[in-house]
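*Asks:* Show me the folded form of this:
(2 chains)
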Amino acid sequence: DTEVTQTPKHLVMGMTNKKSLKCEQHMGHRAMYWYKQKAKKPPELMFVYSYEKLSINESVPSRFSPECPNSSLLNLHLHALQPEDSALYLCASSQENNEQFFGPGTRLTVL
Amino acid sequence: AQKVTQAQTEISVVEKEDVTLDCVYETRDTTYYLFWYKQPPSGELVFLIRRNSFDEQNEISGRYSWNFQKSTSSFNFTITASQVVDSAVYFCALGLPDGGATNKLIFGTGTLLAVQP
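*Replies:* Predicted structure coming up:
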């Protein structure tokens, strides 16, 4: 099973809402990542978890809050987002320094 | 500076033509990884290949081939006999080990390949 799943596929939220994005993998990978991708741009790294500990935070605003409840799950909690936060949010996982496998993404629209 | 340059923003070819996507990288690290990913309109990034900095052997996988040359810091990708299904954005990425179990990926800006029937 080389699949990373993400829910929901699409999300529309207001600036005062609180929502969460979910990511799951069952490949036994111990590294998980969140990326943000704006239209016609490459993915930008947001957070990295290694062995369930946050190892990289790329100076992401605190309205984005990651959580890694266990080695298979990764969440991204969203609160008080801005319209410019609308983007495709991609989750990925990897084993050691090997290739990252990406999920299908969540298309987020902030109104 | 760590950087990946994909100078070709868009390429359009007719089916069955061969096409080469260029990738030039910059890093002072001696240990690094190079990747190619495909992103079709659906949005999911699909892994194509990984190369480490110590392995300059070229690789062929079906219609895909990759040419890694450290002397020119290039990692080019060739699709032979292109097909409409190859239409996508292709990203080259530089992976830098962070000392732990993870690679920090630096992506190029991507090349949009359109294969016309």
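
*Asks:* need the helix or strand of chain A with the lowest average pLDDT.
*Replies:* In chain A, no helix or strand scores lower on mean pLDDT, DSSP states H and E than strand A:53-57, which sits at a mean of 92.

*Asks:* packing partners for that one?
*Replies:* Strand A:53-57 is packed against strand A:44-50, strand A:64-70, with contacts defined by 3 or more Cβ pairs under 8 Å, 6 or more residues apart in numbering or on different chains; DSSP states H and E. In this view, the C-beta of every residue, glycine as well, is placed from N, C-alpha and C.

*Asks:* For the last one, which strands pair with it and how are they oriented?
*Replies:* Think strand A:64-70. Here strand A:64-70 has these sheet partners by DSSP bridges: strand A:73-79 (antiparallel).

*Asks:* Likewise for the first one?
*Replies:* Take DSSP bridges as the rule and strand A:44-50 pairs in its sheet with strand A:31-37 (antiparallel), strand A:53-57 (antiparallel).

*Asks:* still on that earlier bit, let me have the helices and strands packed on strand A:53-57 in CSV, extended by distance to A:L90.
*Replies:* Formatted as CSV, the helices and strands packed on strand A:53-57 follow (distance: least, Cβ to Cβ, whole Å):
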stretch, distance to A:L90
strand A:44-50, 9
strand A:64-70, 13
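
*Asks:* Mind checking those for the one nearest to A:N97?
*Replies:* Comparison of the helices and strands packed on strand A:53-57 against A:N97 by Cβ to Cβ identifies strand A:44-50 as nearest, at 11.0 Å.

*Asks:* Give me the residues contacting the closest one.
*Replies:* A:30-38, A:54-58, A:60, A:64, A:66, A:68, A:74, A:76, B:98, B:100-102, B:104-105 (Cβ atoms under 8 Å, 6 or more residues apart in numbering or on different chains).
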